[in-house]
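K.L.:
Got a predicted structure plus its sequence, pasted below:
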Amino acid sequence: MPDPLVSIIIPAHNEELLLPATLAALALAVADLGDPAEILVVDDASTDRTAAIAAAAGARVVPVNVRQIAAARNAGAREAKGELLLFVDADTIVPPHLVRRAVETMRTGAVGGGAGAEFEPGAPRWAQGMIAFARWILRTAGWAAGCFLFATRAAFERAGGFDERYFASEEIHLSRALKRLGRFVILPENVLTSARKAEHYSFGHSLWLFVRMAWPGSLKTREGLEFWYTRRDKR
């Protein structure tokens, strides 16, 4: 079997509920792509069946114990064999045509890019409004949403990967670094991401968490970032 051209990297901590749908969508995307590809699940200290589910789906499991999204993504990139890297969150559905567009974009000279994100149907209206506003900000600035970002390996390594000083906003720092290296493309399509956080945090609490992010140094510690690091999935 030829070495993979494309590596899809999924950081995951206790994602047994949502990971199967993510992997199923990516398996379809890989089949549609027609190029050698691999899927890696970076199992970051999970205590559930995340690793077993990933392995059963044919993904390569990379075990780590870092409890940081940036570090988990970087660990996956180090283990990946492909020259084109796609980073997908474990609760995000990426349709095949969007994976294909990302690969084609890099093949035609872009150093990387991303897409917008929208919540799955049924999310509270305030959450839909909040993610739409965030999507507008990211598109206006030319930054990738954290749940879907892609880069050539060469550009990713030149940019220094995801900045592990940050426990959140690491995708923005990488987007800015990649833009300094060349063409960085935000595709017009959106990926579909889970609205589970909106089911467990009120509008006021969510707004407070985002306002708190503006405090100096607040993103360099996991404390206070439970929106990203605390799982409250329904069972």
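P.N.:
Nice, thanks for sending it over.

K.L.:
Now do the residue nearest to Gly122 when sequence neighbours are not counted: how many residues are near it, please.
P.N.:
Leaving aside its chain neighbours, Gly122 sits nearest to Ala195 (7.0 Å; criterion: CB to CB, 6 or more residues apart in numbering). In this view, the C-beta of every residue, glycine as well, is placed from N, C-alpha and C. A total of 18 residues lie near Ala195 under the criterion other CB atoms under 10 Å.

K.L.:
Distance of Ala195 relative to Met130?
P.N.:
Here the criterion is CB to CB, to the nearest Å. By it, Ala195 lies 10 Å from Met130.

K.L.:
Ramachandran angles for Arg180?
P.N.:
Main-chain dihedrals, Arg180, degrees, to the nearest 10: phi -70, psi -20.

K.L.:
Wait, a strand at Pro4?
P.N.:
No - according to DSSP: H, G, I helix; E, B strand; the rest coil, Pro4 belongs to no strand; its state is coil.

K.L.:
ok, it - contacts?
P.N.:
If you count contacts by CB atoms under 8 Å, 6 or more residues apart in numbering, Pro4 has them with 36-38, 80-82.

K.L.:
Recalculate using a threshold of 6 Å.
P.N.:
36-38, 81-82 (CB atoms under 6 Å, 6 or more residues apart in numbering).

K.L.:
now do Met130
P.N.:
Not one residue lies near Met130 by CB under 6 Å, 6+ apart.

K.L.:
Can you find the helix or strand in this structure with the smallest mean pLDDT?
P.N.:
helix 226-229 (a mean of 55; mean pLDDT, DSSP states H and E).

K.L.:
Cys147 is in contact with Asp89, isn't it?
P.N.:
Yes - with contact defined as CB atoms under 6 Å, Cys147 reaches Asp89; the gap is 3.9 Å.

K.L.:
Would you mark the buried spots in stretch 153-166?
P.N.:
For stretch 153-166, a neighbour-count test (16 or more other CB atoms under 10 Å) marks 153, 155-156, 158-159, 161-164, 166 as buried.

K.L.:
if we can go back for a sec, just to check, the residue nearest to Gly122 is in contact with Ala123?
P.N.:
Yes - if you go by CB under 6 Å, Ala195 and Ala123 touch, sitting 3.5 Å apart.

K.L.:
from the middle of its chain, how far away would the longest helix anywhere in the chain be?
P.N.:
For the chain, the longest helix by residue count, based on DSSP state H, is helix 125-141. Here the centre of mass of C-alpha atoms in helix 125-141, compared against the chain's by CA atoms, centre = their mean, to the nearest Å, lies 17 Å away.

K.L.:
Following that helix in sequence, what is the next regular element?
P.N.:
Downstream of helix 125-141, the first helix or strand assigned by DSSP states H and E is strand 148-152.

K.L.:
quick one: contacts of that following strand?
P.N.:
84-88, 94, 102, 106, 111-115, 171, 178, 191.
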